[in-house]
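Asker: turn this into a model:
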Amino acid sequence: MAKSKLAVGLDIGSSSVKLVQLKEKRGGYALQAFGTAPLPPEAIVDGALMNSSAIVQAIQDVVAQQKLKTKEVAIGIGGHSVIIKKISLPRMTQEELDESIQWEAEQYIPFDVKDVNIDTQILTPEGDAAGQMDVLLVAAKKDMINDYASVCAEAGLTTTVVDVDAFAVQNAYEANYDLGAEDTVVLVNVGAAVSSINIVSRGVTTFTRDITMGGNAFTEEIQKQLNISYEEADALKVGGQGESDAVVPQEVERVIQGVADQMGGELQRSLDFYASTAPGGTLSRVYLSGGTARIPALFKVLEQRAGVPVEVLNPFKNIEIDNRKFDPAAILAAAPAAAVSVGLALRRPGDK
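Answerer: Numbering: from 1, shown residues only. Prediction:
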C-alpha cells in the first residue's frame, strides 16, 4: 500500500488560524503552503468555540488565500478538554492494552469514559523488574473534537487526524532538531490563551502540563494597567507603537515583566515537580514556541528560572523553503507561531 499523502496542518488557535502544507522529498520536507488568518477576540474561549461562523470564515479565507487543493486536514486540540497522564500498568502488548484501557482509564480521568476518545502509547515496552510498564494515556472530550471537526467540515475540509497541540510541537521539534540519545528538553509553546509544557527525555514524553495563561495575559494586563484599547495593547506587547504617545515604554516593560515573572513561576513549578519525580533527569535546554515567544522579557525570565539555555524553536529549520514562492523574512518572523501547524502537517491520515 502506498503511503498516504501528508495531511494539511490546521492549527485553530484562540487568536488565529494557521495553515501549513508540506511535501515529502528525498531526505526531508519542502514547504508548499503557509498562511494565517486572524480570529476576532472571544471567538474561542477556554478551547470552546464561541463564534463558529467567524472560525469557519477564517478557515475558508486561509484555504482560499493558499489556493489549497487538498481537503484532508490534521487538527490539534489542547487545554482542559484533554487529559494526558503517565500511568503504570502490568506489561502487555499494545493489542491487549487497547482492549483493557477503557476499564483502566476510569480511575485516571475526571470525565465519563463514554464521553472521551482514548489513545495510549507504551513508553517502556520492555517493562521493569516488577513487570510494570509506563504508558502515556491521552483522553480528549468527544464533543470538543466534534466541534473542531465540524467547523472544518463547514469550511469544506475533512479532518483525518486529531492530535494534541503539545505533541504537534514535539513532531515539529523532532523533524528539525537532533535530540541526543541522553538529552532531556523542555518544549514550551505559549499560545494566546493556553501554554503547554512537554518534557521530552530520550525521545519520549515524560511530563506534560497545560497552563491557562498565554500571550493574551500580556495584552490584557497592558490594557488594564495603562487604560488603552486591546488593539493598542497588543501592538505594544510585541514592541510595536501604540497610537497614543502618552504610553511610556518603561510602563509597558514593567507590566510585561510582571506577567513574564508569573509565567516563569508556573514553568519553574512544573520543572521542580518534574525534577522531584524523574531521578537524574537533567535538562539540556528549553525550546520556546508560540506567537509570544518573541517577547524578550519572557525569554530572559525563562532562562533565569530554568537555569539552562533557552532557544526559540524554528519549525522550518530543516524544511526546504523556495524563496521565489515565500518571503524568507516573513517566514522567519512567523516561525515561532507555526510550531503546532508544522507538527500537524507532518501527520498523515491513519497513522498513529
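
Asker: average pLDDT across the helix ranked longest in the chain?
Answerer: As assigned by DSSP state H, the longest helix anywhere in the chain is helix 249-277. Across helix 249-277, pLDDT averages out at 92.

Asker: list the buried residues in stretch 180-189.
Answerer: By neighbour count on 16 or more other Cβ atoms under 10 Å, the buried set for stretch 180-189 is 183, 184, 185, 186, 187, 188, 189. Every residue, glycine included, has its C-beta placed from N, CA and C.

Asker: just to revisit the earlier point, in the longest helix of the chain, which residues are buried?
Answerer: Under 16+ other Cβ under 10 Å, the buried positions of helix 249-277 are 252, 255-256, 259-260, 263-264, 266-268, 270-271, 274.

Asker: now, which of those residues sits nearest residue 134?
Answerer: Nearest to residue 134, judged by Cβ to Cβ, of those is residue 274 at 14.6 Å.

Asker: closest one of the buried residues of stretch 180-189 to residue 140?
Answerer: residue 189 (17.2 Å).

Asker: please verify my assumption that the closest one contacts residue 165.
Answerer: Yes - taking contacts as Cβ atoms under 8 Å, residue 189 lies within contact range of residue 165: 6.6 Å.

Asker: returning to that earlier point: downstream of the longest helix of the chain, the next helix or strand is which one?
Answerer: Later in the chain than helix 249-277, the nearest helix or strand by DSSP states H and E is strand 285-289.

Asker: alpha carbons only: can I get the very next helix or strand once past that following strand in PDB?
Answerer: Per DSSP H and E, the first helix or strand lying C-terminal to strand 285-289 is helix 296-306. Output in PDB follows, covering the C-alpha atoms of helix 296-306 (Å, rounded to 0.1, in the frame of the first residue of the first chain):
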ATOM      1  CA  PRO A 296      12.300  39.300  25.100                       C
ATOM      2  CA  ALA A 297      11.300  39.600  28.800                       C
ATOM      3  CA  LEU A 298       9.600  36.200  28.700                       C
ATOM      4  CA  PHE A 299      12.700  34.700  27.100                       C
ATOM      5  CA  LYS A 300      15.000  36.100  29.800                       C
ATOM      6  CA  VAL A 301      12.800  35.100  32.700                       C
ATOM      7  CA  LEU A 302      12.500  31.500  31.400                       C
ATOM      8  CA  GLU A 303      16.300  31.300  31.000                       C
ATOM      9  CA  GLN A 304      16.800  32.500  34.600                       C
ATOM     10  CA  ARG A 305      14.200  30.200  36.000                       C
ATOM     11  CA  ALA A 306      15.200  27.100  34.100                       C
END
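
Asker: which parts of helix 296-306 are buried?
Answerer: 297, 298, 299, 301, 302, 303, 305, 306.

Asker: before we move on, what about stretch 21-35?
Answerer: Going by 16+ other Cβ under 10 Å, stretch 21-35 has these buried residues: 21, 22, 29, 31, 32, 33, 34, 35.

Asker: give me the contact list for that stretch.
Answerer: With contacts defined as Cβ atoms under 8 Å, 6 or more residues apart in numbering, stretch 21-35 is touched by 6, 8-9, 18-20, 62, 65-68, 70, 175, 316, 318-322, 326, 331, 334, 338, 341-342, 345-346.
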